[in-house]
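Engineer: Here is my input; please provide its structure:
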Amino acid sequence: MPSDENDKAHDEVPSTQGDVEMEETDNPVQIVEASNPDEGGDRAPPAAINVEDVDAEADPVDNEERKSFASHLKSPIVTLVVGKEEPAVLKAHQEFLVRSPYFEDICKTFAEDESPRQIDLPDEDIDAVGCFLEFLYTEEYFPRKLPGQRSLEHDPSVPAVDDSGIQLLKHARIYTLAQKWGVTALQTLSSSKIYCINSTVKGEIEYARYIYAHTQVDDTTIRAPVANFWATRSHTLRSEAEDEFKALCLEFPQFGFDILTRVLDDKLKRERNEKMHPSSSGSVRKRARHGSGGV
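Structural biologist: I've put the predicted structure just below:
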């Protein structure tokens, strides 16, 4: 996923095989990207998710009997009222909506007549719900993944580098919504798009805060890459986001614990490796750094 223009930044950041203790750098990394999972990257998706094959995801509902698109459009219209203060009104065909088990259960309670069908969603984000509905209709949502690439189509409404976390949060909200409403294929798709975003430390902090606030402890699909990402970037925290990082650890102790666990596990692996393959240099701290393995 890393772009050519960020190669310098990547070379300055040690891989997971390098030191993990906090240290100052002369040229702190300004742009933080998800690295290539094939290179042992840190925020790379778990092996269970093949982000290159997401475009070929099956229909959200397994073994669903195929119907024509027109037949779906003949189904009753369901009104969705999204938000509290200034609620937005969205409308969707029931045949598409019931692809979600959550909405299927609700739709079963509607009377089989012409009476209005309405579902109130006061706590949901309008943009996330819109993308959710787009997926139910098309099995994708904007911005789409470019075929054969680890990147998304151009979105003129957002900057190329996500400094605020807005792009990361977009896909994170869709992920948690898909999880809540039982659409596994959308979880996989939205998770894969997260690894296509170029972002700064500030953006990553906001993303990590959302993930640890809205996902379960055992959700390793989305949490593990976040912890791995920060565990391999301890050298940037002092120079770029020490206060924000500290505040996040205090707000979500599990976040700090997950990172510490990975740092200690990595240290233990290096020590075992040194014992099995002792180097002539003697000191682990003086070994050559690996600067070509991505961020």
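Engineer: Touching, H154 and R144? I think so.
Structural biologist: No. H154 is beyond contact range of R144, at 10.6 Å (criterion: C-beta atoms under 8 Å). For glycine as for every other residue, the C-beta is placed from the backbone atoms N, C-alpha and C.
Engineer: Have a look at these two and say which one is more surrounded.
Structural biologist: Taking other C-beta atoms under 10 Å, H154 and R144 do not tie; R144 has more neighbours (13 against 10).
Engineer: measure the nearest residue to the more buried one once chain neighbours are set aside to K269 for me?
Structural biologist: Closest residue to R144 in three dimensions, ignoring its sequence neighbours and counting by C-beta to C-beta, 6 or more residues apart in numbering: E153, at 5.3 Å. To K269, E153 is 39 Å away according to C-beta to C-beta, to the nearest Å.
Engineer: repeat for S191
Structural biologist: 26 Å.
Engineer: ok, now V226?
Structural biologist: V226 sits 20 Å away from K269, going by C-beta to C-beta.
Engineer: Check A227 too.
Structural biologist: A227 sits 16 Å away from K269, going by C-beta to C-beta.
Engineer: Which of those two has more residues huddled nearby?
Structural biologist: Using other C-beta under 10 Å as the criterion, A227 and K269 rank with A227 on top: 25 against 12.
Engineer: What is the neighbour count of F96?
Structural biologist: By the criterion of other C-beta under 10 Å, F96 has 20 neighbours.
Engineer: distance between the longest helix seen in the chain and the chain's centre?
Structural biologist: Longest helix of the chain, by residue count under DSSP state H: helix 253-276. Remark: helix 253-276 is offset 23 Å from the chain centroid, using C-alpha atoms, centre = their mean, to the nearest Å.
Engineer: least trustworthy helix or strand in this protein by mean pLDDT?
Structural biologist: helix 7-12 (a mean of 38; mean pLDDT, DSSP states H and E).
Engineer: which SS class is T79?
Structural biologist: strand (DSSP: H, G, I helix; E, B strand; the rest coil).
Engineer: Please report the distance of the nearest residue to it once chain neighbours are set aside from V78.
Structural biologist: Spatially, and ignoring its direct neighbours in sequence, T79 is nearest to Q118 (4.4 Å; C-beta to C-beta, 6+ apart). According to C-beta to C-beta, Q118 and V78 sit 7 Å apart.
Engineer: One more: E251?
Structural biologist: Relative to V78, E251 is positioned 38 Å away (criterion: C-beta to C-beta).
Engineer: Those two: which has the busier surroundings?
Structural biologist: V78 (22 against 12).
Engineer: pretty sure that one is touching K91, no?
Structural biologist: Yes. Using C-beta under 8 Å, V78 makes contact with K91 at a distance of 7.0 Å.
Engineer: what distance separates the start and the end of stretch 76-91?
Structural biologist: End-to-end distance for stretch 76-91, by C-alpha to C-alpha, to the nearest Å: 10 Å.
Engineer: Could you pull up the mean pLDDT of that stretch?
Structural biologist: Stretch 76-91 shows a mean pLDDT of 96.
Engineer: and what of stretch 226-244?
Structural biologist: Mean per-residue pLDDT for stretch 226-244: 85.
Engineer: got the buried residues for that stretch?
Structural biologist: 226-237, 239-241, 244 (16 or more other C-beta atoms under 10 Å).
Engineer: So which of those belong to strands?
Structural biologist: Nothing among those maps onto strands, per DSSP state E.
Engineer: just for the chain, where's the confidence low?
Structural biologist: 1-66, 279-295 (pLDDT under 70).
Engineer: what's the domain layout of it?
Structural biologist: 4-59+161-281, 69-138 (automatic domain parsing).
Engineer: how about the strands in the stretch 101-250 of the chain?
Structural biologist: 118-121, 198-199 (DSSP state E, counting those that start in this stretch).
Engineer: closest one to Q149 among the ones you listed?
Structural biologist: Among the strands of the stretch 101-250 of the chain, strand 198-199 comes nearest to Q149, with 13.6 Å by C-beta to C-beta.
Engineer: For the closest one, what is the distance to the chain centroid?
Structural biologist: 12 Å.
Engineer: so what does that strand touch, helix or strand wise?
Structural biologist: With contacts defined as 3 or more C-beta pairs under 8 Å, 6 or more residues apart in numbering; DSSP states H and E, strand 198-199 has these neighbours: strand 32-33.
Engineer: beta partners of the nearest residue to V161 once chain neighbours are set aside?
Structural biologist: Among residues not flanking V161 along the chain, N198 sits closest, at 5.0 Å (C-beta to C-beta, 6+ apart). Beta-bridge partners for N198, by DSSP bridges, are E33.
Engineer: roughly how far apart are N198 and P116?
Structural biologist: 45 Å.
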